[in-house]
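> I would like the atomic coordinates for the input below:
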Amino acid sequence: MNASERIDQLIEGIADWRGKTFASVRKTILEVDPGIVEEWKWMGSPVWSRDGMIAVANAHKGKVKLTFAHGAKLPDPDKLFNAGLEGNARRAIDFFEGQDINEPALKKLVRAAIDYNKNNLKKNAAVKAGARKGNQA
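As a prediction, the model looks like this:
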């Protein structure tokens with residue numbers, strides 16, 4: 001079973017409002033860029049990546065949590081981040097029952113995460129690769 005099928009199965013197994021919210025969050029993320037890849041990591045967590053990790057989602061008791069790997073580096077003008085605000089790297093959005101998903105704002109955050117990955121992670125990987133080659137001389 002591939003990652004997308006596992007995520008389908010996970011969502012189908014959540015019978016309450018969290019399954020519907022999880023599905024909506026997933027749909028919104030995937031609409032941002034056709035190059036986004038779904039992955040299945042850490043023994044059961046859906047992850048979305050594009051030139052590096054964008055976010056991971058989990059259904060918890062009473063909420064759906066979407067954690068952005070480099071959220072502390074992302075602009076959040078719509079103030080979606082409401083959890084993990086004290087961290088140096090990650091930021092999260094906790095979705096609660098009855099809460100509407102601000103899809104345009106979430107798409108902006110996903111786009112910002114992709115831009116961050118392209119502008120920073122690839123650059124850092126190239127620098128590290130160059131350093132390794134230089135060490136071999």
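> For the lengthiest strand in the chain, C-alpha coordinates in PDB please.
Secondary structure assigned by DSSP state E gives strand 53-60 as the longest strand of the chain. Provided in PDB are the C-alpha atoms of strand 53-60 (Å, rounded to 0.1, in the frame of the first residue of the first chain):
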ATOM      1  CA  MET A  53       8.900  18.600   4.400                       C
ATOM      2  CA  ILE A  54       6.000  20.900   4.500                       C
ATOM      3  CA  ALA A  55       3.800  19.600   7.200                       C
ATOM      4  CA  VAL A  56       2.600  16.500   9.100                       C
ATOM      5  CA  ALA A  57      -0.900  15.900  10.300                       C
ATOM      6  CA  ASN A  58      -2.400  13.800  13.100                       C
ATOM      7  CA  ALA A  59      -5.900  13.300  14.600                       C
ATOM      8  CA  HIS A  60      -5.800  13.600  18.300                       C
END
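> which stretches of the chain have low pLDDT?
Scanning the chain for pLDDT under 70 picks out 122-137.
> could you redo the last one with a cut-off of 90?
Applying pLDDT under 90 to the chain picks out residues 1, 42-44, 84, 86-87, 121-137.
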